[in-house]
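Enquirer: Kindly generate the corresponding structure for this input.
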Amino acid sequence: MRYPFTGVIPIDKPVGVSSRRVVDAVAKALGTKAVGHAGTLDPLACGVVVVCVGHATKLVDFVHATRKHYRSTFLLGRSSPSDDFETPVEEEIEPVRPSRDDIEQAVAGFRGDILQRPCDYSAVHVDGKRAYRLARKGRPIELAAKPVRIDRLEITEYEWPRLGLDIECSSGTFVRAIGRDLAAALGTAAVMESLVRTAVGPFTIEAATPLDALTPETTRAALLPPAAAVGHLPQTQFAGEELDRAIRGGLIECPLSPAPAVAACDEAGELVGILQRHDTGLYRLKPNFRGLG
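Expert: Residues are numbered from 1 along each chain as shown. Below is the predicted model of the structure:
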């Protein structure tokens with residue numbers, strides 16, 4: 001199937017707007033239904049939402065797997081069921097007031113590979129249902145801790161009760177949970193006050209298009225080629241019979257083996273799909289922008 005538009009566009013989402021509304025705005029501007037986003041950003045947060053259009057919707061998982069960069073503030077000595085201001089906040093009567101040195105020492109324990117329990121008010125599935133739906137009904141929730149990676153965790157400001165953090169982390173990391181767990185390690189509690197996603201992989205907030213600036217003209221002008229979504233993957237070029245065989249769905253050799261996924265381009269540098277490693281050790285295009293898959 002051919003689409004009128006194919007590519008990716010980073011949008012700067014304001015507070016109070018859902019990620020779904022961002023997708024709908026791009027779809028309306030381009031007059032197409034083949035639109036999806038690579039990673040939800042809660043309405044209470046703002047910043048980068050990467051929207052994929054046309055064939056590029058098949059690259060959502062690859063964008064979603066890239067590192068995320070956030071700026072966030074937390075209020076210590078407070079707690080809420082959702083770990084932010086979505087639910088009622090309760091202040092501790094005699095909260096512990098850690099020093100900056102205390103926080104610096106605690107922060108060190110959250111860098112690198114850690115296990116993190118998702119927030120109760122999250123989109124994680126529990127017995128086939130979203131955790132936040134169960135939480136809103138007062139149902140008990142047991143969420144297992146999952147491995148995540150925090151590459152950067154730095155204090156940007158601290159004046160009780162406000163704590164600012166700069167965070168770079170893997171996909172699947174809950175920023176609210178970082179504040180929750182860091183506060184617990186300090187003997188207190190915390191709620192997230194603000195959250196800005198400043199980057200998703202190579203897509204930065206400085207280069208993102210503000211949501212309220214979307215028009216058919218600005219959206220088309222800001223649309224980046226699909227290859228921009230997979231710049232973090234190894235890349236190879238094919239031509240001639242080898243390219244034809246790959247497009248027809250055949251298994252082919254890849255000079256970058258044993259990489260699990262490789263961005264495949266034609267001689268003009270246009271992305272034709274993603275070569276994914278087969279059980280045989282050979283590769284097949286999936287997705288295949290010029291074939292059927």
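Enquirer: Tell me the bridge partners for Val53.
Expert: Gly7, Val35 (DSSP bridges).
Enquirer: mind listing what it touches?
Expert: Tyr3, Phe5, Thr6, Gly7, Val8, Ile9, Val26, Leu30, Thr32, Ala34, Val35, Leu223 (CB atoms under 8 Å, 6 or more residues apart in numbering). For every residue, glycine as well, the C-beta is placed using N, CA and C.
Enquirer: Narrow those to those that are buried.
Expert: Among the contacts of Val53, those classed as buried by 16 or more other CB atoms under 10 Å are Tyr3, Phe5, Thr6, Gly7, Val8, Ile9, Val26, Leu30, Ala34, Val35, Leu223.
Enquirer: tell me the domain ranges of the chain?
Expert: Per automatic domain parsing, the structural domains of the chain span 7-66+202-225, 68-197, 233-288.
Enquirer: Quick check: end-to-end length of the first one?
Expert: So that's domain 7-66+202-225. 5 Å (CA to CA, to the nearest Å).
Enquirer: and it, what's its mean pLDDT?
Expert: Here domain 7-66+202-225 scores 94 as its mean pLDDT.
Enquirer: Figure out how far it is from the centre of its chain.
Expert: Distance of domain 7-66+202-225 from its chain centroid, counting by CA atoms, centre = their mean, to the nearest Å, is 12 Å.
Enquirer: repeat for the longest one
Expert: Between the mean C-alpha location of domain 68-197 and the chain-wide mean there is a distance of 17 Å, by CA atoms, centre = their mean.
Enquirer: okay, the domains of the chain, which one's buried deepest?
Expert: domain 7-66+202-225 (a mean of 19; mean count of other CB atoms under 10 Å).
Enquirer: hang on, the earlier thing: max pairwise distance over the buried ones among the contacts of Val53: which two?
Expert: Tyr3 and Ile9 (14.0 Å; CB to CB).
Enquirer: That's all I had, so thanks and see you.
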